[in-house]
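> Everything below, folded, please.
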Amino acid sequence: MRTEILRQRYVCGDRLPSERDLATRFDASRGAVREALSQLEQTGLIKIQPGGARVRPIQSASISVLGPLMTLDESPDPVLIDQFLQTFAALSALTAREAINYANNEEMNRLRQMVVTLGKQAKDYEAMQPQWREFLRALGEIADNLVIHLIANDLRAQFVDQMVKLGIQPELRKKAINEVLSSLKTSVTERNGDLAQSAVQQYFDELRRSVTKIFGNQRSSSREQGK
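As a prediction, the model looks like this:
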């Protein structure tokens with residue numbers, strides 16, 4: 001049912017079939033159907049009312065639908081991916097600024113070491129990713145902004161893992177990554193939170209550029225095959 005709602009077989013305001021009809025369709029007990037509908041209501045996709053459940057606007061749903069949205073089709077929606085990267089970039093950049101501004105000496109030393117490690121992996125995007133994830137996680141722990149931390153956790157769980165499963169491998173330009181790493185190195189040396197924020201934002205801008213290019217190439221390839 002979740003997939004059918006996301007595919008807009010049922011649109012906002014539509015009433016879903018009765019529990020009895022759903023139980024028959026899916027060969028399930030009424031209790032199982034009731035539990036499934038309860039879970040759909042928790043995600044914000046439906047509203048259970050007297051007389052039946054009705055579909056709510058997709059904008060009312062929780063972040064938990066991002067993962068399923070990614071896997072609706074063989075190729076994910078590039079607009080959705082770009083929106084995710086924009087949002088995650090803003091959160092990560094803000095976290096970087098707060099972390100650098102509030103880190104103690106021990107935490108700053110830890111960040112300096114992590115930036116050095118990132119530099120050693122700069123030529124290999126795939127090898128660098130675990131280090132980037134650890135670096136962003138460390139920034140989140142140091143910034144200690146619970147709201148940002150929880151939102152980022154949900155985004156990561158619902159979206160990043162799906163991107164990995166889809167085998168999306170961006171090719172980041174060496175010059176851009178070197179500029180990012182240089183700025184990060186300066187930011188942790190000089191305790192410059194604004195520069196750290198700018199560097200993290202630049203990294204995600206480069207990532208977005210590469211991902212956009214990947215999907216552009218895929219669309220071009222599909223059109224060529226369709227000729």
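
> Quickly note the distance from V180 to Y102.
Separation of V180 from Y102 (C-beta to C-beta, to the nearest Å) stands at 22 Å. Where you see a C-beta, it was placed from the backbone N, CA and C, and this is true even at glycine.

> Quick one: the helices in the protein, in order.
For the chain, helices defined by DSSP state H occupy the ranges 2-6, 19-26, 30-43, 66-70, 78-102, 105-120, 125-143, 146-155, 161-165, 174-190, 193-226.

> Now render the ones you listed as TSV, adding mean pLDDT and distance to S60.
Shown next, in TSV, are those (pLDDT from 0 to 100; distance: least, C-beta to C-beta, whole Å):
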stretch	mean pLDDT	distance to S60
helix 2-6	93	12
helix 19-26	95	21
helix 30-43	95	9
helix 66-70	82	14
helix 78-102	91	17
helix 105-120	93	39
helix 125-143	87	28
helix 146-155	81	16
helix 161-165	69	22
helix 174-190	94	37
helix 193-226	81	27
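
> ok, back up a step: among V180 and Y102, which residue is more densely surrounded?
Neighbour totals were compared for V180 and Y102, and V180 leads with 22 against 14 (other C-beta atoms under 10 Å).

> Roughly how far does that one sit from M128?
Per C-beta to C-beta, V180 is found 11 Å from M128.

> Equivalent analysis for A96, please.
Here A96 is placed at a distance of 17 Å from M128 (C-beta to C-beta).

> Have a look at these two and say which one is more surrounded.
A96 (30 against 20).

> Surely the more buried one touches Q202?
No. Contact criterion C-beta atoms under 8 Å: A96 and Q202 do not qualify, at 11.0 Å.
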